[in-house]
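Asker: give me coordinates for this.
(one chain, ligands or ions: 1)
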Amino acid sequence: MKTVTLSHLNAFKRASEPFSCLTAYDASFAQHAGAAGIDVLLVGDSLGMVLQGHASTLPVTLDDILYHTRCVARGKQRSLLMVDLPFMSNADTRQVLHDAGALMRAGAELVKIEGAGWMHDDVRALTQRGVPVCAHLGLTPQSVHQFGGYKVQGREQDDAQRIVDDARLLVDAGASVILLECVPAALGRAVRDAVEVPVIGIGAGPDVDGQILVMHDILGVTHGRPPRFAKNFLAGRDSIQAAFAAYHDAVKTRQFPAEEHCF
Ligand code: KIV
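Answerer: I've put the predicted structure just below:
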């Protein structure tokens, strides 16, 4: 089984073939996700909510992320390993470089950073030093208190245009991937068309290049009401690996996301 690289993600985009991404936090689940065909694994700071029980991702530390990155790196097979920079890693360029360096040494192959167009200097500094970057736009959960909750972003024309412009700016600065969270499907399509790099969506509609979900959501073990954009793929199946494979197949065949998962 060939290891997935950024070149494969670019080829998927060129071929209009959707790719699958899933969060993972330990070696065993990473192994099952790889065996099920998942293309990209994310050690997300969502671990603060789904593993640690916090109400947001803000309490997650660099050490937390490093621990789970090492675990996933040991278990993963073919999937590309993307890892989140935690809250305030983007405080300044020195901090970003330090934290991203630590993630890469722990096994990250792509570093995800939340924010907006203002991050362009940091994205440039990282990519010039050999750190591939995924820029996370739209609903960026580390800014939940600024947004006043987990709300769909880019509904107004001005906001949508700003997100498209930010995506272009960050790609010009060197970002290899854009991740868009909780935006109207039309905006997902607009960003996909605006940039040459792969666009991964979570609640960003069907017309992006890749789909990502939080593992706990697809296994139906989310606390409280699951988000609208998620689907329980374990329901009606008898193993976790079968659920991962069903998610992967649904993404590849464009059966997921369906209308009811979109904004
Ligand atoms: O932390 C995370 O799991 C994420 C996904 C929601 C994309 O950023």
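Asker: what is the neighbour count of the closest residue to the ligand within the stretch 51-200 of the chain?
Answerer: In the stretch 51-200 of the chain, the residue that lies nearest the ligand is residue 84 (5.3 Å; Cβ to the nearest ligand atom). Any C-beta I mention is one placed from the backbone N, CA and C, and that applies to glycine too. If you count neighbours by other Cβ atoms under 10 Å, residue 84 ends up with 29.
Asker: hey, where'd the strands end up in this protein?
Answerer: Counting by DSSP state E, the segments of the chain that form strands are 19-23, 40-43, 80-84, 110-114, 133-138, 177-181, 199-202, 210-213.
Asker: hang on, isn't residue 38 packed against residue 244?
Answerer: Yes. The criterion here is Cβ atoms under 8 Å, and residue 38 meets it with residue 244 at 6.1 Å.
Asker: skip the chain neighbours and tell me the closest residue to the residue of the stretch 51-200 of the chain closest to the ligand.
Answerer: residue 45 (4.4 Å; Cβ to Cβ, 6 or more residues apart in numbering).
Asker: can you pull the contacts of the nearest residue to residue 117 once chain neighbours are set aside?
Answerer: Sequence neighbours aside, residue 166 is the residue nearest to residue 117 in space, at 3.7 Å (criterion: Cβ to Cβ, 6+ apart). Contact analysis of residue 166 by Cβ atoms under 8 Å, 6 or more residues apart in numbering lists 116-117, 135, 137.
Asker: out of the residues you listed, which is nearest to residue 70?
Answerer: Checking the contacts of residue 166 against residue 70 by Cβ to Cβ gives residue 135 as the nearest, at 24.4 Å.
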